[in-house]
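> Okay, sequence plus prediction incoming.
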Amino acid sequence: MVTYHAGSGRRLASTLGPIAADTFAGLFRGYLPQRPPESYAPGADAGTLLRSWPIPAVGLRGRQQATSFDYVTTDSRGQGLVASGALFRSGRPGPLVGFAPSTQGVARHCNPSYSCSVGLRGFWPPDFIAAYEQPSINWFLDAGADVVLIDYPRDPVHNVQLYCDHLAGANALADAVTVARCLGAGGTLGLWGFSQGGGAVGAYLEHGAGEKPAAAVVGAPPARLDDVVDHVDGSLVSGVIAYTVAGLMVSDEDIHAEIAGQLTPRGLKQLDDNLATCSGGSLLTSGWHHTSTWTASGRPLGELIDELPATSAEIGRRRLGAHDPDVPVRLWGSIHDDVIPFPMIDKLHQAWPSAEWHARELRRIPGRTGLNHFAPYFQWLPDDSAWLLGHLR
C-alpha cells in the first residue's frame, strides 16, 4: 500500500540531494531540446500525442523516469496549437498530479520541460534558467505520485508565450493529462498550481477544462491581471509586466494596436529584452524599473491598460471568480506577498466559498524582491502536498 506522508527531514534530504548533484552535473551536460517551431494544428484533436522521448531530469532516483512530449492543445479561442510538456513516473502505482508551473520566463529555453533537465544554467547575454519547482515535482515522485507538467503554449506567429491566458493554460493542462494517460499514467487525478500555475488550475476548475480532478491546490493565483501589474510595478520582478503585456498583445490585433500606441521605443525594447530571457534574466533587464518610463505619457501601464477598451475587456475575460469549483480545493494566499496582491486572493476566496482557505503569514522581507511570494510556497509545500495526496488515495 502506498502512503503519502509528506513530512520528515530525511525525505527532504533524499529529495533535494539528488537534485543538487544532478544540477551540478547539468552545468556541463549540454543537453538541448530539439523541437520544431511552434505551429498551429488545424483539424487535429486536442490531446493528441505527436511524439515523445526520454529526458535526463534532475534528481530522479531508482525507477523514476521522465519523458518529454509534443501534443495538440487549444488556445482560449479554440485554435489548435502544438504544445509541449513532460511526464514524470514514480515507478510505483499511485495518483497522477497535473502540475501547472509558476513563471520561469517566456523565452523558449525557459520551458520547464527543458529546465528540469539541467536544474540551473547561465547564458550570455546575461540570463539564467532555474528549475526552482523541480523539488516540488520530485517531492510528489518520492511520495509515489506521477506528475505531468506543461510548458505554456505559444502564439506560433510571434513565438510569444500566451502568458497568464488562464484558459489557454487550463486547456494545455487538461490535454497534457490526456497525453499522460496515453503514456500509461494511471491513478486518481489531482491538480497543483502556484502563481501563474494557480491561474491555470483555477481556470481548469471554473471551466471544467478536462478530466475532473479529485482535488486541487491553488496557490497565489493572478486572479486579476490589472491588480498584479499595479502591485509589481517598480519591484525587482517588474519584468513580469512585460510578459503580461506581450501576452495580451499577441491575443488580438486591436489590443496590439492599443498597447503599442502607448509605448516609447524604450518601452518596446523592454518588451523585446524580457521576451528573450528567463525570470533570472528579467531581474537584470527590468529589476526595480517603473513602467512610467516605458510610456509616452509617463503614466504607469497599470493605469493605461484600464483605459484601453479592447485590452481591459481581455483582462476581464481572464479573471477568476466566476464559478465556485465543485471539487475539494485548497486555496491559499500570502498576506505579505510582493508579487500577487493578497486582497485579490481574498476576493477570490469569497467567490469560491466551498474552498478551504488559508491566509498565510511569514515575517515580511523588505525590498520587494519576490521572496515574500516564493517563501510561503516552499514553507508549506509538505503540508499542501500531503493534503492533496490525502484526497487522491
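Received it, and whenever you're ready, just let me know what you need.
> I figured Pro112 hits Tyr132, correct?
No: using CB atoms under 8 Å, Pro112 is not in contact with Tyr132; the gap is 9.8 Å. All C-beta spots, glycine's among them, are computed from the backbone N, C-alpha and C.
> Need the overlap of contacts for these two.
Common contacts of Pro112 and Tyr132 (CB atoms under 8 Å, 6 or more residues apart in numbering): Gln104.
> who's more crowded, those two?
A direct count of neighbours by other CB atoms under 10 Å for Pro112 and Tyr132 places Pro112 higher, at 27 against 19.
> what about the closest residue to Cys116 other than its chain neighbours, how many neighbours?
In this structure, Cys116 finds its nearest non-sequential neighbour in Ala57, 4.6 Å apart by CB to CB, 6 or more residues apart in numbering. Applying other CB under 10 Å, we find 28 residues neighbouring Ala57.
> Please name the residues that touch Ala57.
Each residue near Ala57 by CB under 8 Å, 6+ apart is listed here: Ala66, Ala86, Phe88, Cys116, Ser117, Gln134.
> Now name the helix or strand holding the fifth one.
Of the helices and strands defined by DSSP states H and E, none includes Ser117.
> quick one: it and Trp53 touch, right?
No: the pair Ser117 and Trp53 fails to qualify as a contact (CB under 8 Å) at a distance of 11.4 Å.
> Under the pLDDT cut-off, which ranges of the stretch 1-150 of the chain? List them.
Scanning the stretch 1-150 of the chain for pLDDT under 70 picks out 1-35.
> If we use 50, what do you get?
1-6, 24 (pLDDT under 50).
> Okay, helices next: where are they in it?
With helices called from DSSP state H, counting those that start in this stretch, the stretch 1-150 of the chain shows them at 9-26, 112-115, 134-142.
> cool, and the stretch 251-393 of the chain?
Taking DSSP H, counting those that start in this stretch to define them, one finds helices in the stretch 251-393 of the chain at 253-260, 265-275, 279-286, 301-305, 309-317, 342-351, 371-379, 381-391.
> nearest to Val160, of these?
Set against Val160 and scored by CB to CB, these come closest in helix 265-275, at 6.4 Å.
> What residues of the closest one count as buried?
By 16 or more other CB atoms under 10 Å, the buried positions in helix 265-275 come out as Gly267, Gln270, Leu271, Asp273, Asn274, Leu275.
> before we move on, what about stretch 71-91?
Those would be 71-76, 80-90, for stretch 71-91 by 16+ other CB under 10 Å.
> from these, which ones fall inside strands?
71-74, 80-89 (DSSP state E).
> Among the residues you listed, find me the one that's closest to Ala260.
Distances from Ala260 to those, taken by CB to CB, are shortest for Leu81, at 23.6 Å.
> gap between that closest one and Ser113?
Using CB to CB, to the nearest Å, one gets 15 Å for the distance from Leu81 to Ser113.
> Same question for Pro382.
25 Å.
> Over to Leu392?
Distance from Leu392 to Ser113, by CB to CB: 23 Å.
> quick one: which of the two has more around it?
Neighbour count, other CB under 10 Å: between Leu392 and Ser113, Ser113 has more, with 24 against 19.
> Surely the more buried one and Gly85 touch.
Yes: the pair Ser113 / Gly85 is scored as a contact, 5.7 Å apart, by CB under 8 Å.
> overlap in contacts of the two?
Ser68, Leu149, Asp151.
> which ones are touching the first one?
What that stands for is Ser68. Ser68 neighbours (CB under 8 Å, 6+ apart): Pro33, Ser52, Trp53, Pro54, Ile55, Ser84, Gly85, Ala86, Ser113.
> Try it again at 10 Å.
Residues in contact with Ser68, defined by CB atoms under 10 Å, 6 or more residues apart in numbering, are 33, 35, 51-55, 57, 84-87, 111, 113-114, 116-117, 149, 151.
> Also Ala355?
By CB under 10 Å, 6+ apart, the neighbours of Ala355 are 205, 216, 218, 324-325, 327-332, 348-349.
> make it 8 Å
Under the criterion of CB under 8 Å, 6+ apart, the contact list for Ala355 reads Val218, Asp324, Pro325, Val329, Arg330, Leu331, His349.
> Separate out the buried members of those residues.
The neighbour count (16+ other CB under 10 Å) marks Val218, Pro325, Val329, Arg330, Leu331, His349 as buried among the contacts of Ala355.
> These into CSV, with extra columns for distance to Asn159 and pLDDT?
Compiled in CSV, the buried ones among the contacts of Ala355 are given as follows (distance: CB to CB, whole Å; pLDDT from 0 to 100):
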residue, distance to Asn159, pLDDT
Val218, 29, 98
Pro325, 33, 98
Val329, 34, 98
Arg330, 35, 98
Leu331, 33, 98
His349, 36, 98
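> Among these, which are located in strands?
Among the buried ones among the contacts of Ala355, the members falling in strands (DSSP E) are Val218, Val329, Arg330, Leu331.
> what about the third one, distance to Leu191?
Look at Arg330 and Leu191: by CB to CB, they are 11 Å apart.
> Find residues that contact each of these two.
With CB under 8 Å, 6+ apart, Arg330 and Leu191 have common neighbours Ala215, Ala216, Val217, Val218.
> List just the nearest of those residues to Gln196.
Comparing the shared contacts of Arg330 and Leu191 against Gln196 with CB to CB places Val218 closest, at 11.7 Å.
> list the contacts for the closest one?
Leu191, Gly193, Gly198, Val201, Gly202, Leu205, Val329, Arg330, Leu331, Trp332, Ala355.
> can you do 10 Å?
If you count contacts by CB under 10 Å, 6+ apart, then Val218 has 100, 191-194, 197-202, 204-205, 320, 325, 329-333, 345, 348, 352, 355 around it.
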